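Q: Sharing a sequence plus its predicted fold:
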Amino acid sequence: MKLLWHYTVDVHIPDILRCGYVDVARLYLAPGEKPVAWFSANQFWERTVRKLVCKTLGEASPPWGLEEMFSHGVHGVRIGVLPEAAPLGWTALRAQANIPSKMVRTLLRVAQQWGANPWDWYGSLTPVPAEQWQATEMWNGDEWTPFTYDNTRQELRIKELRTDDRLARAGTRISQ
């Protein structure tokens with residue numbers, strides 16, 4: 001069975017791992033709208049995650065894709081869950097989370113602009129605890145690979161990192 005993935009970037013992972021769950025997104029909610037823990041059925045990368053990089057780095061430049069983020073030392077990270085952990089598909093999610101029509105149109109426009117597929121979007125109206133996680137992986141420049149987190153040093157460590165000259169400066173450890 002294919003997993004659903006919560007895609008994010010490395011700067012968010014220490015907080016997710018410390019709290020022990022993928023939380024619901026509480027920012028920018030309209031009155032009456034319910035927060036959602038977002039997941040994607042896309043098995044490679046959820047293209048809407050790129051907006052996180054712009055906010056995280058404070059950049060006004062066009063949003064970066066997965067490879068462009070990696071070349072700047074920002075690592076894509078994903079947490080995989082079974083479908084029952086994020087059971088609401090796009091249609092059910094819109095209705096049950098009371099996402100306003102204007103926001104739905106905005107999400108659809110952004111999805112089209114960035115090449116994402118809303119039918120890949122799934123979610124939960126409650127946080128998804130670590131007990132339901134099936135995999136935690138980081139993009140190493142070539143493929144998704146499992147990672148570990150050192151609580152003492154607050155560092156992520158991945159097994160292998162692509163080593164060509166352009167990407168070697170990204171390093172094998174990411175400190176918060």
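A: Looks like it arrived, so ask away.
Q: Could you name the helices and strands sitting against whichever strand or helix holds residue 146?
A: Applying DSSP states H and E as the criterion places residue 146 in strand 144-150. Packing partners of strand 144-150 (3 or more Cβ pairs under 8 Å, 6 or more residues apart in numbering; DSSP states H and E): helix 13-19, strand 133-139, strand 155-158. The way it works is simple: take the backbone N, C-alpha and C, and place the C-beta from them, glycine included.
Q: Just the residues contacting the top helix by length along the chain, thanks.
A: Secondary structure of the chain read by DSSP state H shows that its longest helix is helix 101-114. With contacts defined as Cβ atoms under 8 Å, 6 or more residues apart in numbering, helix 101-114 is touched by 30, 33, 47, 48, 50, 51, 63, 94, 99, 116, 117, 118.
Q: Could you rerun that using 6 Å?
A: 47, 48, 94, 118 (Cβ atoms under 6 Å, 6 or more residues apart in numbering).
Q: Please identify which of the helices and strands packed on strand 144-150 is closest to residue 126.
A: When the helices and strands packed on strand 144-150 are compared for distance to residue 126 using Cβ to Cβ, the nearest one is helix 13-19, at 13.7 Å.
Q: Residue ranges in this protein under the pLDDT threshold?
A: Applying pLDDT under 70 to the chain flags residues 51-61, 149-176.
Q: Can you show me the strands along it?
A: Secondary structure of the chain (DSSP state E): strands located at 4-9, 21-22, 37-40, 76-81, 88-89, 121-124, 128-129, 133-139, 144-150, 155-158, 173-175.
Q: In JSON lines: the ones you listed, plus mean neighbour count.
A: Listed next are these as JSON lines, based on neighbours: other Cβ atoms under 10 Å:
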{"stretch": "strand 4-9", "mean neighbour count": "25"}
{"stretch": "strand 21-22", "mean neighbour count": "20"}
{"stretch": "strand 37-40", "mean neighbour count": "24"}
{"stretch": "strand 76-81", "mean neighbour count": "24"}
{"stretch": "strand 88-89", "mean neighbour count": "18"}
{"stretch": "strand 121-124", "mean neighbour count": "25"}
{"stretch": "strand 128-129", "mean neighbour count": "17"}
{"stretch": "strand 133-139", "mean neighbour count": "19"}
{"stretch": "strand 144-150", "mean neighbour count": "15"}
{"stretch": "strand 155-158", "mean neighbour count": "18"}
{"stretch": "strand 173-175", "mean neighbour count": "14"}
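Q: returning to what we had before: show me the strands paired with the strand holding residue 146, marking each as parallel or antiparallel.
A: Counting by DSSP bridges, the strands paired with strand 144-150 are strand 133-139 (antiparallel), strand 155-158 (antiparallel).
Q: that older thread, quick one: which of the helices and strands packed on strand 144-150 is nearest residue 80?
A: strand 133-139 (3.8 Å).
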